[in-house]
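In: Provide a 3D model corresponding to the input given below.
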Amino acid sequence: MPQRIPSTEREFTRLVAPCGLFCGGCLAFAGGPIRSHARALADLLGPNFAAYAERLSAMDPALCEYPQFARVLEFLARGTCRGCREGGCLLGNCGVRACALERGVNVCGLCPDFPCENPGLPEALLEGWRKNGERIRDNGPAAFLELVRSRPRYP
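Out: Presented below is the predicted three-dimensional model:
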């Protein structure tokens with residue numbers, strides 16, 4: 001009989017990339033709150049709100065910008081990325097997923113060689129990779145998932 005993975009671990013694996021990036025909070029993530037809230041707002045406004053925004057712009061000039069807002073909202077509501085583990089890594093040439101699979105670890109912070117010399121990430125992501133890996137290593141995946149869910153994805 002195959003070993004069952006606890007639901008918390010399955011959820012962690014679905015939402016957190018092997019590098020420790022919280023895919024679940026990304027604006028492009030298909031199952032994320034940004035996508036679902038944007039979709040809900042677009043649905044609430046409906047397809048005809050642009051005409052109302054134009055008429056109401058005399059009361060508030062901010063509504064003059066509705067066409068640009070609607071384009072951004074549509075982009076946010078689209079969210080099609082399934083995350084790194086499903087082949088959706090936005091970095092394209094990142095080697096972290098392959099390395100984690102090769103080493104048999106779910107995430108870098110649980111690797112015995114963490115932190116390694118060259119994780120293959122852009123310089124801008126290295127500090128976050130190191131901090132996230134240390135948090136996962138020191139507190140465990142469940143506590144890390146709780147932490148990242150409780151704070152803004154784009155602080």
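In: Every contact and neighbour count from this point should use C-alpha atoms.
Out: OK.
In: Could you pull up the contacting residues of the closest residue in space to Leu90 that isn't next to it in sequence?
Out: Leaving aside its sequence neighbours, Leu90 sits nearest to Cys84 (CA to CA, 6 or more residues apart in numbering; 7.8 Å). Going by CA atoms under 8 Å, 6 or more residues apart in numbering, Cys84 touches Ala17, Pro18, Cys23, Leu90, Arg97.
In: ok so the fourth one is a helix residue?
Out: Just to be clear, that refers to Leu90. No - using DSSP: H, G, I helix; E, B strand; the rest coil, the assignment for Leu90 is coil, not a helix.
In: Next, count neighbours for it.
Out: 11 (other CA atoms under 10 Å).
In: what's the distance between it and Glu54?
Out: 36 Å (CA to CA, to the nearest Å).
In: which helix is the longest one in the protein?
Out: For the chain, the helix that runs over the most residues, judged by DSSP state H, is helix 123-139.
In: Can you point out the buried residues in that one?
Out: Trp129, Arg130, Asn132, Gly133, Glu134, Arg135, Ile136, Arg137 (16 or more other CA atoms under 10 Å).
In: farthest pair in those residues?
Out: Farthest-apart pair in the buried residues of helix 123-139 is Trp129 and Arg137; separation 11.9 Å (CA to CA).
In: Would you mind checking the average pLDDT for stretch 12-20?
Out: Average pLDDT, stretch 12-20: 91.
In: meant to ask about stretch 60-77, not that
Out: For stretch 60-77, the mean pLDDT works out to 96.
In: again, but for stretch 144-155
Out: Mean predicted confidence for stretch 144-155 is 87.
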